[in-house]
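>>> Any chance you can model this:
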Amino acid sequence: MRIAVLGLGEAGAIYARGLAERGAEVVGFDPDASESLTGVSRASSVGDAVDGAAIVLSLVGASAADAVLDEALPRMTTPAAFADFNTGAPDHKRGLATRAVVAGIPFADVAVMAPVPRAGLATELFASGDGAEAAADALGSYGLPIRVVGIAAGDAAGLKLVRSVFMKGLAGLVFESLAAAEKIGATAELRAQIATEFGPDGDTLVQRLLDGTRQHAARREREMRDARAFLDDLRTPTWMTDGTLAWLRSLAATTS
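Below you'll find the model as predicted:
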């Protein structure tokens, strides 16, 4: 099967290389990525990459998702499906899907439910939209754990944002409690208590929350703004999410 991977950053490179290792014919495109990926051929444009592909995976980031979709659609033909892996608001995913429908291309809203570097191709994926079944069949045939969770684009994105409320909020609580513990000279003691609550690998999880949040603070702030807007649409409380956003803004300002 010919698979096009648009965006060869950290996650895109993992998917491209991993799918090639599992027997897919993978064509990648990324004007900014220079790393050579074993088994992955490189196209000179989005259009060349998607031409003849059975499925197109977009991992370019939400800010570039619209432009890449618009460039890909004219070169795609049914029954090829377009799978948007970028984290974004449900409304944004629905807008992308509408453009794909006009072009006659099935669209899958794919939510990546954990950091890809941690589990690679074993990372859980949720999919929704009129192209979700096609994406699940195609990627599932290579062993990716992908599950259809809704019929409309935006359903998978909504589940991802609700999960983010918890996971990013958890990181904010760790930062806040450890900041207070430092003031009273009890950092080591409190960190040990937190780690115990997380189970046998608790200290590793604590460190991952601290490191990952610092490293990706700006991107996670954007994600949490989308999450907050989604909660507003649902008319549910945003008290914890507001606190998480404050922490991410602070960390982004100190790491930029």
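
>>> So which residues of the stretch 1-150 of the chain form helices?
Taking DSSP state H, counting those that start in this stretch, the helices of the stretch 1-150 of the chain run over residues 10-21, 46-50, 62-72, 90-103, 116-119, 132-140.

>>> Tell me which other helices or strands the second one touches.
Put plainly, it is helix 46-50. Other helices and strands packing on helix 46-50, by 3 or more CB pairs under 8 Å, 6 or more residues apart in numbering; DSSP states H and E, are strand 2-6, strand 25-29, helix 62-72. (C-beta placed from N, C-alpha, C; glycine too.)

>>> Touching it from outside, list them.
4-6, 27-29, 43, 56, 68, 71-72, 74-76, 80 (CB atoms under 8 Å, 6 or more residues apart in numbering).

>>> what comes into contact with stretch 138-146?
1, 3, 19, 22-24, 54-55, 81, 83, 110, 121-127, 135-136.

>>> go again using 6 Å as the cut-off
Residues outside stretch 138-146 that contact it (CB atoms under 6 Å, 6 or more residues apart in numbering): 19, 22, 55, 121, 124-125, 127, 136.

>>> For Ser44, which non-adjacent residue is spatially closest?
Phe29 (7.8 Å; CB to CB, 6 or more residues apart in numbering).

>>> and the gap between the one you found and Ala180?
Using CB to CB, to the nearest Å, Phe29 is found at 47 Å from Ala180.

>>> ok so, going back, filter the contacts of helix 46-50 to the buried ones?
Buried by 16 or more other CB atoms under 10 Å: 4-6, 27-29, 43, 56, 68, 71-72, 75-76, 80, out of the contacts of helix 46-50.

>>> thinking again about what came up before, of the helices and strands packed on helix 46-50, which is nearest Val116?
Among the helices and strands packed on helix 46-50, the nearest to Val116 by CB to CB is strand 2-6 (12.4 Å).

>>> Okay, buried residues for the longest helix anywhere in the chain please.
For the chain, the longest helix by residue count, based on DSSP state H, is helix 155-183. Residues 155-161, 164-165, 167-172, 174-175, 178, 181 are the ones in helix 155-183 that count as buried (16+ other CB under 10 Å).

>>> Next: stretch 92-108.
For stretch 92-108, a neighbour-count test (16+ other CB under 10 Å) marks 92-97, 100, 103, 105-108 as buried.

>>> From the rest of the structure, what touches that stretch?
Around stretch 92-108, the neighbours that count as contacts under CB under 6 Å, 6+ apart are 69, 73, 76, 78, 81-84, 109, 127, 129-132, 134-135, 153-154, 157.

>>> Show me which residues of the helix or strand of the chain with the lowest mean pLDDT are buried.
Using mean pLDDT, DSSP states H and E, helix 116-119 stands out as the lowest-scoring helix or strand of the chain, at a mean of 93. Using 16+ other CB under 10 Å as the test for burial, helix 116-119 gives Val116.
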